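# Got a predicted structure plus its sequence, pasted below:
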Amino acid sequence: MGKFEFIAMMAMLMALNALAIDIMLPALQDIGAALNVEAVNDRQFIVSSYLFGFGFAQLVYGPISDRFGRRAPMIVGLVIYILCALAIVAVPSFGGLLALRFLQGAGAASTRVITVSIVRDVFGGRAMAEVMSLIMMVFMIVPIIAPGTGQLIMLGGNWHMIFLFIGVMAGAILVWMTMRLPETLAPEDVRPLTVKSVIAGFRIVLTNRVALCYTLAATFIFGALFGFINSAQQIYVGVYGLGAWFPVAFAAVAAFMSLASFINSRLVGRFGMRRLSHASLLGFILVTAVWMLVQVLGPQPMPFLLFLSFFGLAMFQFGWIGANFNSLAMEPLGHVAGTASSVLGFMSTVGGAAIGAVIGQAFDGTAFPMVLGFCSVGVIGLVFVLIAEKGKLFQPHNPRA
């Protein structure tokens, strides 16, 4: 498999997770009405239940993929994802929908854990950060087009068809992966699947200061993103009245993140992961702090173009943070890549989903809780980075290759 096809496949596997979240955002109101959801904020649980399933299941896939290889566990996870998507088409209740969403997220966890493990199997150092940035660039195309795709499906059918579409897309990617992806786990890196071995692997991950602190920093930053996703429909439609234009505004912000990932892939080999991610984290804090001040002192609601400008700048910084923090966390753990990916993915997803749920549930009819949440998690993330780096930022550690 060539590098181009490899990056495209890894991106599409990871994008199934974004697809399962973003494509249904325009349909949350219709789903709530169809399944008799009375509290407006309760619709957010359609996203949160998926994220919690996605997060907890990652602990399982890592040790399994370190023992049995990357392909078989990935196939099992994709089958679970597809079956749950198809089952939701006929779900009769909101509780049933949430249960299936949790299981669907559990299936999708394979795409996060094992994809990162595969990339770590093949690349290391700045090369891994460059590849992950390209994967994230392609991956971010899905949030750009998914809400609009969901809106188009709603125009021609109903919200059930969205889940049918998700299942069909995942089936096509499963066939592609099965036919073209070789096993990447080296025989010498196979670990026994025993309680002692799993605990030892978890201990290796959790006692590595750099890996743990960068994961915690990423957890809080991802919490901001999940908080926005939870309340995006309410802000864009409820506060700003965008209606059918909601997918366009959502895509504009995702485009900033995709552009940032591409630029990061071009610069990381020259400047290094630490210099780029530390600068972008400081930029994220500065942008969100100014945004919060304008939100408090300016007119209510903030003019939409100003809101979108602040948001785009913040998410541009996020595009530099995400791939680099993940690569920095995984870099010292190549010998336990599957277990490391599962533990770090569990922490960042479950922790980020919990933080995002708090931010989303704080929605009070304005964007202020979200902006406050963004600035707060940025500051907390900086604290963990300082602990990881013993108080010194911008210090390169990795070779170019």
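Okay, I see it.

# ranges for the helices of the stretch 201-350 of the chain?
209-233, 246-271, 273-297, 304-330, 337-361 (DSSP state H, counting those that start in this stretch).

# For the longest helix along the chain, the averaged confidence score.
When the chain is parsed with DSSP state H, its longest helix is helix 94-122. On average, the pLDDT along helix 94-122 is 91.

# Reformat the helices of the stretch 201-350 of the chain as a markdown table; add distance to residue 388, mean pLDDT and mean neighbour count.
Bear in mind the C-beta positions are built from the backbone N, C-alpha and C, glycine included. Output for the helices of the stretch 201-350 of the chain, formatted as a markdown table (distance: least, CB to CB, whole Å; pLDDT from 0 to 100; neighbours: other CB atoms under 10 Å):
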| stretch | distance to residue 388 | mean pLDDT | mean neighbour count |
| --- | --- | --- | --- |
| helix 209-233 | 3 | 86 | 24 |
| helix 246-271 | 18 | 82 | 20 |
| helix 273-297 | 10 | 93 | 20 |
| helix 304-330 | 8 | 86 | 23 |
| helix 337-361 | 13 | 82 | 25 |
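
# between the longest helix of the chain and helix 304-330, how many degrees?
For helix 94-122 against helix 304-330, the angle between stretch directions is 50 degrees (axes from the mean of the first three to the mean of the last three CA atoms, to 10 degrees).

# And helix 94-122, what does it pack against?
helix 3-22, helix 45-68, helix 71-88, helix 125-139, helix 304-330, helix 337-361 (3 or more CB pairs under 8 Å, 6 or more residues apart in numbering; DSSP states H and E).

# Relative to residue 393, which of these is closest?
Set against residue 393 and scored by CB to CB, the helices and strands packed on helix 94-122 come closest in helix 304-330, at 12.5 Å.

# Out of the helices and strands packed on helix 94-122, which is closest to residue 241?
That would be helix 304-330 among the helices and strands packed on helix 94-122, by CB to CB, at 9.2 Å.

# Would you check that residue 311 makes contact with residue 250?
No - with contacts counted by CB atoms under 8 Å, residue 311 stays clear of residue 250, the gap being 10.3 Å.

# picking up where we left off before, and the longest helix of the chain, which residues are buried?
For helix 94-122, a neighbour-count test (16 or more other CB atoms under 10 Å) marks 94, 97-121 as buried.

# Looks like residue 42 contacts residue 29 (just checking).
No - at 11.9 Å, residue 42 does not count as touching residue 29 under the criterion of CB under 8 Å.

# In terms of neighbours, single out the busier of these two.
residue 29 (17 against 14; other CB atoms under 10 Å).

# Give me the distance between the more buried one and residue 184.
Residue 29 is 42 Å from residue 184, where distance means CB to CB, to the nearest Å.

# before we move on, what about residue 235?
On the measure of CB to CB, residue 235 and residue 184 end up 41 Å apart.

# Over to residue 317?
32 Å.

# repeat for residue 67
14 Å.

# what does residue 18 give?
For residue 18, the distance to residue 184 - CB to CB - is 23 Å.

# what does residue 305 give?
From residue 305 to residue 184 the distance is 46 Å (CB to CB).

# next one: residue 6
Taking CB to CB, one finds residue 6 at 10 Å from residue 184.

# ok, now residue 175?
Counting by CB to CB, the gap from residue 175 to residue 184 is 19 Å.

# Export stretch 366-377 to CSV, keeping only CA atoms.
Taking Å, rounded to 0.1, in the frame of the first residue of the first chain, the C-alpha atoms of stretch 366-377 are listed here in CSV:
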residue,chain,number,x,y,z
THR,A,366,-26.1,32.4,25.2
ALA,A,367,-22.6,31.3,24.0
PHE,A,368,-21.0,32.5,27.2
PRO,A,369,-20.8,29.1,29.0
MET,A,370,-19.0,27.6,25.9
VAL,A,371,-16.5,30.5,25.6
LEU,A,372,-15.8,30.4,29.4
GLY,A,373,-15.3,26.6,29.1
PHE,A,374,-12.9,27.1,26.2
CYS,A,375,-10.7,29.5,28.0
SER,A,376,-10.7,27.4,31.2
VAL,A,377,-9.7,24.2,29.6
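
# what comes up buried for that stretch?
So for stretch 366-377, counting by 16+ other CB under 10 Å, buried means 367-377.

# coming back round to it: quick one: the longest helix of the chain to chain centroid distance?
11 Å (CA atoms, centre = their mean, to the nearest Å).

# cool, stretch 343-352 as well?
On CA atoms, centre = their mean, the centre of stretch 343-352 falls 10 Å from that of its chain.
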